[in-house]
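Chemist: predicted model follows, preceded by the sequence.
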Amino acid sequence: MTFLILCGFVTAPAIAQTKLDSMLKKLPATGMDTNRIQLLFKIEKAFLDENNLDSALYFLNQNKALIEKLKAKKFEYDYTYEYIAVYHAMADYEKALGYIFKSLEIADKNKDIFQKADSYRALFNTYYNLGQHENAIKYALYSIHLSDSIHDTANLSITYGNLTRLYNELDQFEKAIHYGEIGIAEGKKYQNTKGLLICLNNTALAYRNLNQNAKAEKLYKSQLELALKENFPRSASKAMINLCMLYAQTTDKANLKNYTQMFNEYVKSNKDVRLSPIDKGFKHMINGYNFLFQNQFQQADQEFDEGIILATDDEDPYHLSDFYLLKTKLNYAQQNYAKAEWYNQKYDSVQQLINKDELSEYALDLEKKYETQKKEQKILLQSDQLRSRRILITVLMLSIVGLLLTAFVYYRYYKQKQIIQQQRISQLETEKHLTATESVIKGEEQERTRLAKDLHDGLGGMLSGIKYSLGNMKNNLVMTPENAMDFERSIDMLNSSIKEMRRVAHNMMPEALVRFGLDTALRDFCSDINQTGGMKITYQSYGLGQTVIEQSKSITIYRIVQELVNNALKHSGGHEMLVQLSLADEKLSITVEDDGKGFDVAGLENVKGIGWSNIKNRVEFLKGNLDIHSSENNGTSVLIEFLI
C-alpha cells in the first residue's frame, strides 16, 4: 500500500494571489536598481509557488539580465539558485544539475559555506530524482556536515528529513528511522517547523513499512497537530491522508471514517490547500476505502473509477495499479467474480509495465556506468603516455626541491644557533644583573641593620645617659626661673631627639619584622602612619596566617611597601590608602592603592628618582611582575605578584 512522503526542496512560502497582483502593479514604477532586483525575485518565487513555471522562468530571466547589467555580483548566487528551483520544478534535472555545479563554483569563489550547503541540498534532490542514490546520499551527508559546522539550524532537520525519504525508497528502513529521529530532535531543538514536519512524516513511513503501526500513528498525529497549529496546509493534508491509509490497512473503520471526513472538510474549507495530482489520487482512494468499509459499494466504485481516470490522465502507473487492485477487491466483495478477474488482469498488466520500466531504468543506469567506465579507461590510456614524462619531471623537481630543502635546513640551523647564542648571552647578562642587584640589596640591608644597631645601642644609649645625668643635675642645682625654663626646654628637645633617633632606627630595621614577621611589621607600619593623621591607611592581609617567609624576602617586601606608601604620602595628595597582601598557591600579591591625583604612567620611564629605582630593583630581585594603573584625578593602583 502506498503512503505519501514529504520532501524539503527550499522554495518560497505561499503568497496570496492578491499580493502577487500588487507586486506586478508595482513593478513598472520601480527603478532599474537593486530594489527592482528584490521585487523580481519575490514575483518569480510567487509564480514558482503557484506552479506557474513559465511565468517564474520569464521573470527570472528578466532579473538575470538586470543583475548582469548592473554588475550586481552579490545576487549572482541568488539567481543561479533560483534557476535550480525552477528547472527542478519543471523536472528538467539535467539543466538543474548544470546550475547546481555553477552555484557551487560561486559559493567557493564567495567562500560562503551557507551557499555551499544550500547547493549540496539541491544536489541531493536532483540526484535523488535522477535515481542516482549513491550520489544523493553522499551529498546529503555533505550538506548535513556543513550545516552542522556553521550552525545552520534552519536547514539541518530538512536535510535529515530528505535523507530519511531516500532510505525509505531504498527499503533501508532502519537507517531511515535513525536519520529521521535525529532530524526530529534537531527540529524540536531549533524550532524548525518545516524540517520537523518532513522528519515526522518520513520517519512515520519508515515505522509503517516495518509494521510498527503504533509508532507510525503517533508521529502522523504529531505531524497533523503541528501542521494545523503552524498553518502548513500541505503537511496537514498529507498527515490526514497517511492516517487514513494506515487505518484502511489496519481495517480501523471508525478512525478511517473520522479522518476521511476531517480531510474532506479541511480541503473544502481551506483555500490554501492545493492538492497535487498524487494527493487527488489519494483523495479518491481514502474516500473509496471509507465507502467500501461501510458497504456503500456504489459510492466506492465511483471513487475508484475517478481515481483510474486521474491516474490514466497523469500517466501514473503506480496509482493506476492500486486502483485496479481496489476494483478487484470491490468486485470480489460484491461477488462479481468475472469483473473482479478482469480488473485483476488489468492490475497484472500494469504491474508488468512497472517492472519492465524499472528494468529498463536499471539497464539504462548500467549502460551509463559502462559508458563512464569506457571514458575512464580512455583517460587512463592517455595518462599512461604521459606517465614516463611526468616521472622524469618529478624526479628532476624532487632533486631541485631536495637541494633547496638542504640549503634551507642549513640556513635555519645557522640562524637558530645564532639565536640560541644570543639568548644565552642575554640570560648571562640578566643573571649577572640579578646577582649585582641581589648584592646591592643585601649590602644595603646589612648597612641599614648596622646603622640601626649603632643608632639604637650606641647613640641611643649615650643620649639616654645624658638625659639621666641632666635629670640628676636638675635636683642639685639652684636656678633662676629663666634658667629653669631653658633647662626644661633642653630636656624636651633631648626627649624629641631620642624619639626621632628611635624612629629612624626602627624604619631602618623594624624590630617587629625580625621578631614577629612581615604581616605584623606592615600592620604596625600602617598603624604608625595613621596616628600621624596625614592619610588614613587601611591594611588587609589574606592567607599569610602561619606562613613563614624567608627573612631576606620579608625585608625586601617590607621595603617595597614602605617605599610605595612614602611615595603616595609625598606625591598623591590623597586622603585614603589601601595596603593589601594576599597569599594563595604560593603566590603573593601586593596591592597599594590611593585616591590621589594620579599621574601619567608613561612618564615613569623618564623618572630618575632613587625611590622608584629601588622599587623596580627589589621587584626584579624577587622575580616578580609589576603592574601600575593611574590616570589624572583617578588615583593610583600598584599590583606586584611573585612566587615565594
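Modeler: Yep, it's here.
Chemist: so who does the nearest residue to residue 24 once chain neighbours are set aside touch?
Modeler: Distances taken as C-beta to C-beta, 6 or more residues apart in numbering put residue 43 closest to residue 24, at 6.6 Å, once the chain neighbours are dropped. (Glycine included, C-beta is placed from N, CA and C.) With contact set as C-beta atoms under 8 Å, 6 or more residues apart in numbering, residue 43 has these partners: 20, 23-24, 27, 59.
Chemist: figure out how far stretch 413-425 is from the centre of its chain.
Modeler: 42 Å (C-alpha atoms, centre = their mean, to the nearest Å).
Chemist: average pLDDT for it?
Modeler: For stretch 413-425, mean pLDDT is 75.
Chemist: contacts for it, please.
Modeler: Residues contacting stretch 413-425 (C-beta under 8 Å, 6+ apart): none.
Chemist: a helix runs through residue 589, doesn't it?
Modeler: No: under DSSP: H, G, I helix; E, B strand; the rest coil, residue 589 falls outside any helix and is assigned strand.
Chemist: show the pLDDT at the residue lying closest to it once chain neighbours are set aside.
Modeler: Counting by C-beta to C-beta, 6+ apart, residue 589 lies nearest to residue 582, which is 4.6 Å off, once chain neighbours are set aside. Per-residue confidence (pLDDT) for residue 582: 89.
Chemist: count the residues that sit near residue 582.
Modeler: 15 (other C-beta atoms under 10 Å).
Chemist: from residue 590, how far out is it?
Modeler: Taking C-beta to C-beta, to the nearest Å as the measure, residue 582 falls 8 Å from residue 590.
Chemist: now residue 182
Modeler: For residue 182 relative to residue 590 (C-beta to C-beta), the value is 56 Å.
Chemist: now do residue 580
Modeler: For residue 580 relative to residue 590 (C-beta to C-beta), the value is 7 Å.
Chemist: more neighbours, those two?
Modeler: residue 590 (22 against 15).
Chemist: spit out the contact partners of that one.
Modeler: 557, 560-561, 580-581, 638-641.
Chemist: now do 10 Å
Modeler: With contact taken as C-beta atoms under 10 Å, 6 or more residues apart in numbering, residue 590 is in contact with 522, 557, 560-561, 564, 579-582, 619, 622, 624, 626, 638-642.
Chemist: residue 156 now?
Modeler: With C-beta under 10 Å, 6+ apart, residue 156 has these contacts: 117, 143-144, 146-148, 150, 182-183, 186-187, 189-190, 192, 195.
Chemist: filter those down to the buried ones and hand me the ChimeraX line.
Modeler: A single ChimeraX command is used to select the members of the contacts of residue 156 judged buried by 16 or more other C-beta atoms under 10 Å:
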select :117,143,144,146,147,182,183,186,187,192,195
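Chemist: which of the contacts of residue 156 fall in helices?
Modeler: 117, 143-144, 146-148, 182-183, 186-187, 189-190, 195 (DSSP state H).
Chemist: wait, doesn't residue 276 sit right on residue 234?
Modeler: Yes: counting by C-beta atoms under 10 Å, residue 276 does reach residue 234; the two are 8.6 Å apart.
Chemist: give me the more crowded residue out of the two.
Modeler: For residue 276 versus residue 234, neighbours defined as other C-beta under 10 Å are more numerous around residue 234 (17 against 14).
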